[in-house]
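K.L.:
Have a look at this fold, sequence not included:
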């Protein structure tokens, strides 16, 4: 395995782990604040938009070959 492959896999696993951790944090925040179903939905929408923007940017960079 070359260094570039290791770097790519490590980045994917690291960012994926952070994304899962962020989802857990939002879920825990909703549970601890007793937000209810609608409140939990709003929390995931509001706090998930930044995550969604990051993922869209990553996909666009790969598709367009900018990076």
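P.N.:
Here it is on my side, so go on. Just so we're clear, the structure is a prediction, and the values are computed from it rather than from any experiment.
K.L.:
any idea which element the most centrally placed residue in the chain lies in?
P.N.:
Against the mean C-alpha coordinate of the chain, by CA atoms, centre = their mean, the closest residue is residue 19 at 3.4 Å. Counting by DSSP states H and E, the element that carries residue 19 is helix 3-32.
K.L.:
what does residue 34 give?
P.N.:
Residue 34 belongs to no helix or strand, assigned by DSSP H and E.
K.L.:
same question, residue 43
P.N.:
helix 36-64.
K.L.:
What residues sit buried inside the helix holding residue 19?
P.N.:
26, 30 (16 or more other CB atoms under 10 Å). Just so you know, the C-beta spots here come from the backbone N, C-alpha and C atoms, and that holds for glycine as well.
K.L.:
Can you check the pLDDT for the residue nearest to the residue nearest to the centre of the chain when sequence neighbours are not counted?
P.N.:
Excluding its sequence neighbours, the residue lying closest to residue 19 (CB to CB, 6 or more residues apart in numbering) is residue 51, at 6.3 Å. pLDDT recorded at residue 51 is 82.
K.L.:
quick check: angle from the helix holding residue 19 to helix 36-64?
P.N.:
160 degrees (axes from the mean of the first three to the mean of the last three CA atoms, to 10 degrees).
K.L.:
If you tally nearby residues, what's the number for residue 53?
P.N.:
Burial of residue 53, expressed as a neighbour count using other CB atoms under 10 Å, amounts to 10.
K.L.:
any idea how far it is from residue 11?
P.N.:
18 Å (CB to CB, to the nearest Å).
K.L.:
Over to residue 5?
P.N.:
In terms of CB to CB, residue 5 sits 11 Å off from residue 11.
K.L.:
Show me what counts as buried in the lowest-mean-pLDDT helix or strand in the chain.
P.N.:
Ranked by mean pLDDT, DSSP states H and E, the weakest helix or strand in the chain is helix 36-64, scoring a mean of 89. Neighbour-count burial for helix 36-64, counted by 16+ other CB under 10 Å, picks out 40, 43-44.
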